[in-house]
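A.B. asks: Kindly generate the corresponding structure for this input.
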Amino acid sequence: MYIQRIMILLMLLVSTVGGEGIVLVLSGGGARGFAHIGALMALEEEGVSIDAVASASMGSLMGGLYCSGYSPAFIDSLARNTDWSWLFSSEPDSRLTMLPLRLSNSHDILTLEFKGFSPQLPRSAVSTQRVASLLTSLTGPVQLMRGTDFDSLPTPMRIVAFNLETGKEVVHSEGHLSICQLSSMAVPAVFPAVRMGEMLLVDGGVGDNLPVNAARQTWDGIILAIDISSGSPEIPENPTLVQVGTLTYSALSQRVNEFYHQDPDFYFRPDLHGAKSYEFTNRMADSLIDMGYRQTLEYLAAHPEIPRSRVSREEISLPSYTIGEIRFEGLEKIRHETARDWLILESGEAITSERLREASETLFASGFFEVVDYHLEPGADSSSADIVYTFTEREPSSVGIGLTYCDSFGMDARFTYRHRNFFDMGWHFILNAGGGDRYLFGELRLLDLTTRHGRWFADYSISAWQMKARVFNRDRTSFERVITMAETSISRGYSTGWSGLLEIGLAGTLHRYGSSDPEGFAAVHLGYLNDTMSDPLGPRDGTRVSARAYWAPMGDHKHGGFEFDFESAGPFLRKGMLQATLWGQLLSGATWEWQDNRMTASRSIPGMPWNSLPARQRIAGILKFRRELNGPFFLSLETGGAWDWETPLEPGEGEETWGAGLSAGMSTPMGPATVSWGWSSEWHSRWTVSVGSPLTFGPGR
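C.D. replies: Purely as a prediction, here's the structure:
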C-alpha cells in the first residue's frame with residue numbers, strides 16, 4: 001500500500017497533463033451510464049481535478065458534455081428532466097407536423113420502406129435523430145469557439161469507437177464532437193452505425209469498453225477508471241433466439257476487449273443493483289445518479305491518496321453568435337426549395353441551443369428525411385456562424401398493413417402505399433385499399449404541403465367503397481342491404497399552426513342504396529378542425545374540435561348540412577383519464593335517406609348496434625372514464641345519450657336515447673383490444689368485441 005502511494009506521488013511529479021488532477025476513464029453501459037453523472041458530481045464536490053477524459057459508449061455522452069465545459073449539475077438537470085422515451089423515438093413531434101399530414105397517418109401495425117421495388121429494412125431498432133440534435137446543440141457552439149481539436153476543449157478528451165471495416169478500435173482526437181459521441185454509442189443493431197469517411201463505426205464498447213489503453217497512450221498521469229458495465233451475462237439453460245444473439249455479441253466483444261485491456265491506477269465499479277442497460281427512464285436516471293454520487297463519495301473517502309486540488313472548475317461561458325449562411329448537403333431527390341419550406345431559421349437570427357433543436361425537429365417532421373444532421377462552422381465574421389445541414393433522405397415509398405376487427409362486421413385488412421415525394425415535388429401520394437367480410441374500399445389522395453411558410457395546402461382525393469351491411473331502423477327491425485358510395489373532393493386549406501386548419505373546396509358524392517338508382521350531389525364545403533389529441537388511438541389529453549358545413553345548390557335535391565364533433569380528454573384521479581365527446585349533424589332541404597346520421601364504429605352510444613338509430617337532426621354525447629391497470633390493461637366506464645328530431649328549427653319535437661356500458665381491454669400494436677357490455681334504452685343489453693381503432697377503418701365506417 002505504501003509503495004503504491006509513493007508511485008502515485010512520483011507520477012504526479014512527472015505528469016504532463018495538469019500536474020494536480022487525474023485522467024478519468026468512463027466506460028460504456030447504456031442507461032447504467034447515468035451513474036457517471038453522480039460520480040462527476042462527487043469528484044467535483046471532493047475537489048478532485050479532472051485533467052482529461054477517455055471514454056466509450058455512454059461514457060462518451062456524459063464525458064463529452066463535461067469536457068465541453070458543462071458542469072455536473074447541468075448534466076444532472078438535463079438527464080433528470082429529459083423525456084428519454086421521446087428522445088429515442090423516431091416519430092415526428094406532432095406539435096411541429098402540419099395537421100393535414102398528421103391526419104393522413106393510417107396507423108399501420110407494420111410498415112416497410114421501399115427503394116424502387118425492393119423492401120428496405122430499418123438501419124437500426126432505435127433512432128438517434130434527437131440524441132444527435134441535442135448533443136450538437138450543446139457541443140457545437142463550444143467547438144465553434146474552441147475548434148475541432150479535442151485537446152482544445154475545456155477538458156481534453158478521447159473517444160473510442162470500433163471500425164467494422166478494419167476490425168480495430170478508433171480513438172477520436174478531433175472532429176465534430178457530437179458525431180464522435182454517436183459513433184461511440186452506436187450499439188450494433190440497436191443504434192445506427194456512423195459512416196465517417198471510409199470508416200463504418202459502431203459502439204466503442206465492442207473493442208474497448210474501458211479505454212485505459214487510449215488514456216495511457218495519450219497522457220501521462222494517474223488514471224481513475226469508473227466501470228458501470230453490466231458484466232458477464234448469465235447463460236440460461238434453454239436460451240431463446242434473441243438471448244443466443246446477445247450472448248454471442250457479449251462473448252465476441254469480451255475477447256476483443258481483452259486485447260486492448262490495461263489496468264488503471266484506480267479502478268471503481270459501483271454496485272448498481274442489477275440496473276438494466278436498456279432502461280432509459282427518468283426514474284432510473286434519478287436512482288442511478290444518486291447511487292453513483294453516494295458510492296463515489298465512499299470510494300474517495302476510502303482512497304485519500306487520490307489527489308485533490310480544491311481548484312474550482314468554472315462552467316464554460318459562450319459568446320453570442322448570429323446565423324450567417326445556411327447550407328444544405330445530401331439532397332438528391334428532395335428539392336432545395338422543398339427543404340427550405342420547412343426551415344424555420346433565418347440569417348441574422350441569434351443562435352441558441354433550443355432554437356437549433358427546434359429547427360432540426362421541424363425539418364425532421366416534414367417526413368422527407370430519415371436523418372437531419374447539422375453542424376456549425378465559423379461565419380464571415382467572429383460573431384456569426386454558418387449552419388450546415390446534412391440530410392439522409394428517407395426512401396420516398398412505403399407500404400403499410402393494418403388490421404381491425406369488430407364482431408359487428410368482422411375483420412378488416414388494409415393496404416396503404418405512400419409516396420412522399422411524388423414527381424419530385426414534395427407531394428404526398430397515398431393509395432389506400434382493403435376490405436374484409438362483405439366490405440371493399442379504395443382511396444387515392446394527393447397532398448401538396450410544400451408551402452409551409454404560407455401554411456397553405458391542397459388536398460385532392462377520390463374514394464369508393466361497397467358494403468353489404470345490416471341496417472337497423474328505429475323500431476329495432478333490420479335488414480341487409482348493399483351500399484355503394486363514391487366520393488371526390490378538391491380542397492384548398494390554410495394550416496393555423498400545428499393543431500388547426502381551415503379548408504374550403506368542392507366535393508361530389510354518388511351513392512347507391514340497395515337496388516335503387518344511383519343518387520348524388522355536388523357541394524361546396526367549408527371545414528374547420530383543431531386537434532391537439534396526444535394519441536388518436538388512446539388519447540390521454542388534448543382536445544379535438546371539428547365543424548363542417550356544405551351546400552348543394554344544384555338538382556332537385558337542393559340542400560345543406562352542418563356536422564360537428566367535439567372531443568376532450570385529460571387526466572382524472574390516479575392513473576385515470578376522463579374523456580367527453582359531443583357530436584351530431586343538422587340537415588335542411590331535400591335530402592336522401594342515406595344522409596341520416598347513424599351510430600358508427602367511432603361514435604356510438606353504449607348498447608346500440610353499429611349502423612343503427614337513423615336521425616336527420618342529432619346531438620349526441622358520451623362521457624367516458626378510463627383507468628389504467630398493470631401493464632397494458634385498462635378498464636373503462638361510459639355513459640351517453642342522443643337527442644334526435646326531424647326539422648332543424650324544432651329541436652323540442654324529438655326523442656331521446658341513452659345508454660351505459662363497461663369495457664375491459666389492453667393496448668396492442670393494432671390499437672385497443674376490448675370486450676364491452678352496454679345497455680341502452682332502445683336495445684337493452686349488448687356485447688361487443690373489437691380490436692383496433694375506428695380511425696383505421698376505410699371510408700364509410
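
A.B. asks: my guess is residue 26 meets residue 36, correct?
C.D. replies: Yes: under the criterion of C-beta atoms under 8 Å, residue 26 makes contact with residue 36 at 5.4 Å. For every residue, glycine as well, the C-beta is placed using N, CA and C.

A.B. asks: Give me the common contacts of these two.
C.D. replies: Both residue 26 and residue 36 are in contact with 59, 62-63, 226, where contact means C-beta atoms under 8 Å, 6 or more residues apart in numbering.

A.B. asks: Show me the shaky parts of the stretch 1-150 of the chain.
C.D. replies: Low-confidence segments of the stretch 1-150 of the chain (pLDDT under 70): 1-20.

A.B. asks: go again using 90 as the cut-off
C.D. replies: The model of the stretch 1-150 of the chain has pLDDT under 90 over residues 1-21, 85-86, 88-127.

A.B. asks: go on, the stretch 251-400 of the chain?
C.D. replies: Scanning the stretch 251-400 of the chain for pLDDT under 90 picks out 251-263, 273-279, 308-319, 333-342, 344, 365-368, 382, 394-396.

A.B. asks: Let's see that with 70 instead.
C.D. replies: In the stretch 251-400 of the chain, residues with pLDDT under 70: 251-259, 310-311.

A.B. asks: would you list every one of the helices in it?
C.D. replies: 282-302, 336-340, 353-365 (DSSP state H, counting those that start in this stretch).

A.B. asks: Pull the first one out as PDB, backbone CA atoms only.
C.D. replies: The C-alpha coordinates for helix 282-302 follow below in PDB (Å, rounded to 0.1, in the frame of the first residue of the first chain):
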ATOM      1  CA  ASN A 282     -36.400   9.300 -15.600                       C
ATOM      2  CA  ARG A 283     -37.000   7.100 -12.600                       C
ATOM      3  CA  MET A 284     -33.900   5.100 -13.400                       C
ATOM      4  CA  ALA A 285     -31.900   8.300 -14.100                       C
ATOM      5  CA  ASP A 286     -32.800   9.600 -10.600                       C
ATOM      6  CA  SER A 287     -31.900   6.300  -9.000                       C
ATOM      7  CA  LEU A 288     -28.600   5.700 -10.800                       C
ATOM      8  CA  ILE A 289     -27.400   9.300 -10.400                       C
ATOM      9  CA  ASP A 290     -27.900   9.100  -6.700                       C
ATOM     10  CA  MET A 291     -26.200   5.700  -6.400                       C
ATOM     11  CA  GLY A 292     -23.200   6.900  -8.400                       C
ATOM     12  CA  TYR A 293     -22.900  10.000  -6.300                       C
ATOM     13  CA  ARG A 294     -23.100   8.200  -2.900                       C
ATOM     14  CA  GLN A 295     -20.800   5.300  -3.800                       C
ATOM     15  CA  THR A 296     -18.200   7.600  -5.400                       C
ATOM     16  CA  LEU A 297     -18.000   9.700  -2.200                       C
ATOM     17  CA  GLU A 298     -17.500   6.400  -0.300                       C
ATOM     18  CA  TYR A 299     -14.800   5.300  -2.700                       C
ATOM     19  CA  LEU A 300     -12.900   8.600  -2.500                       C
ATOM     20  CA  ALA A 301     -13.100   8.500   1.300                       C
ATOM     21  CA  ALA A 302     -11.500   5.100   1.200                       C
END
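
A.B. asks: got the buried residues for it?
C.D. replies: In terms of neighbour count (16 or more other C-beta atoms under 10 Å), helix 282-302 has its buried residues at 284-285, 287-289, 291-293, 295-297, 299-300.

A.B. asks: Show the end-to-end separation of stretch 665-677, please.
C.D. replies: When the termini of stretch 665-677 are compared using C-alpha to C-alpha, to the nearest Å, they are 12 Å apart.

A.B. asks: likewise stretch 148-163?
C.D. replies: End to end - C-alpha to C-alpha - stretch 148-163 spans 21 Å.

A.B. asks: quick revisit: can you check the shared contacts of residue 26 and residue 36 and name whichever has the most neighbours?
C.D. replies: Counting neighbours by other C-beta atoms under 10 Å, residue 59 leads those with 34 neighbours.

A.B. asks: Quick check on that residue: phi, psi?
C.D. replies: Main-chain dihedrals, residue 59, degrees, to the nearest 10: phi -60, psi -30.

A.B. asks: what do you get for residue 650?
C.D. replies: Torsion angles at residue 650 (phi, psi; degrees, to the nearest 10) stand at phi -130, psi 60.

A.B. asks: quick one: it from residue 616, how far?
C.D. replies: In this view, residue 650 and residue 616 are 11 Å apart by C-beta to C-beta, to the nearest Å.

A.B. asks: Looking at these two, which is more packed in?
C.D. replies: Remark: of residue 650 and residue 616, residue 616 carries more neighbours, 18 against 10, as counted by other C-beta under 10 Å.

A.B. asks: is it true that that one touches residue 651?
C.D. replies: No: when contacts are counted by C-beta under 8 Å, residue 616 is not listed as touching residue 651 (11.6 Å).

A.B. asks: Pull up the overlap in contacts between those two.
C.D. replies: By C-beta under 8 Å, 6+ apart, residue 616 and residue 651 have these common neighbours: residue 645.

A.B. asks: Surely residue 43 forms part of a helix?
C.D. replies: Yes: counting by DSSP: H, G, I helix; E, B strand; the rest coil, residue 43 falls inside a helix.

A.B. asks: who are the neighbours in contact with it?
C.D. replies: 24, 50, 72, 296, 300.

A.B. asks: what about it, distance to residue 376?
C.D. replies: 30 Å.

A.B. asks: Show me the residue at the heart of the protein, geometrically.
C.D. replies: Closest to where the C-alpha atoms of the chain average out (C-alpha atoms, centre = their mean) is residue 91, at 2.9 Å.

A.B. asks: ok so it is a helix residue?
C.D. replies: No: counting by three-state DSSP, residue 91 is not part of a helix but coil.

A.B. asks: ok, how many other residues are close to the nearest residue to residue 370 once chain neighbours are set aside?
C.D. replies: Excluding the flanking residues, the one nearest residue 370 by C-beta to C-beta, 6 or more residues apart in numbering is residue 394, at 4.3 Å. Residue 394 is flanked by 19 other residues according to other C-beta under 10 Å.

A.B. asks: Now that residue 394 has come up, it's in contact with residue 369, right?
C.D. replies: Yes: at 5.6 Å, residue 394 and residue 369 qualify as touching, with contact defined as C-beta under 8 Å.

A.B. asks: Residue 439 - nearest residue in space that isn't next to it in sequence?
C.D. replies: Per C-beta to C-beta, 6+ apart, closest to residue 439 is residue 467, 4.8 Å.

A.B. asks: Could you look up the SS state of that neighbour?
C.D. replies: Residue 467 - assigned by three-state DSSP - is strand.

A.B. asks: residues in contact with it?
C.D. replies: Contacts of residue 467 by C-beta under 8 Å, 6+ apart are 438-440, 482-483, 700.

A.B. asks: What is the nearest of the residues you listed to residue 115?
C.D. replies: The shortest approach to residue 115 among these belongs to residue 440, at 30.1 Å (C-beta to C-beta).

A.B. asks: number of nearby residues for the closest one?
C.D. replies: For residue 440, using other C-beta under 10 Å, the count is 15.
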